[in-house]
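Trainee: Sequence first, then the predicted structure:
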Amino acid sequence: MTALIVSLIVLGILGIIDSSFLLFKHMKKKPLICPLNNKCDIVTESKWSKIFFIRNEFLGILYYLFVIFCGILLLSNFDIKLYFLIGSFLALLFSIFLVYLQFKIIKNYCFYCLLSSLINLLIFLNLVAIK
């Protein structure tokens, strides 16, 4: 169980790195270079890049801080798994929605955004696996 909780914290740190990188590139107005030779900027600068005037990258950073905080609380034997599971499920639903937008509406995808969605899936699966 401890290994799963530590992996949640590691996934939270990876999510912060990914989201911070995207936010940094946006704020510096630097183009993203996609490792898969795609145009990430089409996705990250689309009208879907914000929700209620807040950039998705910033929401991601807040969520991953939440993941790290909850992981530390779980390590300290606080019983917050249900709330953590609900939060991660909502984040996973939002990620699925954003992936849908990339492939069906925007018709382009961002490697870094897909990486964030994968991290969210792994966070959720880790939480489900914790007894």
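Mentor: Nice, thanks for sending it over. Residues are numbered from 1 along each chain as shown.
Trainee: Find the nearest non-adjacent residue to the most centrally placed residue in the chain, please.
Mentor: In the chain, the C-alpha closest to the average C-alpha coordinate belongs to residue 116, at a distance of 4.0 Å (C-alpha atoms, centre = their mean). Of all residues not flanking residue 116 in the chain, residue 18 sits nearest, at 5.3 Å (C-beta to C-beta, 6 or more residues apart in numbering). Placement of C-beta: from N, CA and C, glycine included.
Trainee: Tell me how many other residues crowd the one you found.
Mentor: 21 (other C-beta atoms under 10 Å).
Trainee: Let me see the contact set for it.
Mentor: Contacts for residue 18 (C-beta atoms under 8 Å, 6 or more residues apart in numbering) come out as 60, 112, 115, 116, 119.
Trainee: State the distance from residue 81 to residue 130.
Mentor: 6 Å (C-beta to C-beta, to the nearest Å).
Trainee: anything in contact with each of the two?
Mentor: Shared contacts of residue 81 and residue 130 (C-beta under 8 Å, 6+ apart): residue 74.
Trainee: Reduced to three states, what does the residue of the chain most remote from its centre come out as?
Mentor: In the chain, the greatest distance from the average C-alpha position (C-alpha atoms, centre = their mean) is reached by residue 77, at 24.8 Å. Under the three-state scheme (DSSP: H, G, I helix; E, B strand; the rest coil), residue 77 adopts coil.
Trainee: where's it relative to residue 126, distance?
Mentor: The gap separating residue 77 from residue 126 is 17 Å, by C-beta to C-beta.
Trainee: what's the answer for residue 1, then?
Mentor: Separation of residue 1 from residue 126 (C-beta to C-beta) stands at 11 Å.
Trainee: which one of the two has more residues nearby?
Mentor: Legend: neighbour count by other C-beta under 10 Å for residue 1 and residue 126, higher for residue 126 (20 against 10).
Trainee: just to revisit the earlier point, the residue nearest to the centre of the chain: helix or strand, and which one exactly?
Mentor: Taking DSSP states H and E as the definition, one finds residue 116 inside helix 111-129.
Trainee: Show me what that helix packs onto, helices and strands only.
Mentor: The criterion is 3 or more C-beta pairs under 8 Å, 6 or more residues apart in numbering; DSSP states H and E, and the helices and strands that helix 111-129 contacts are helix 2-27, helix 40-44, helix 56-75, helix 81-100.
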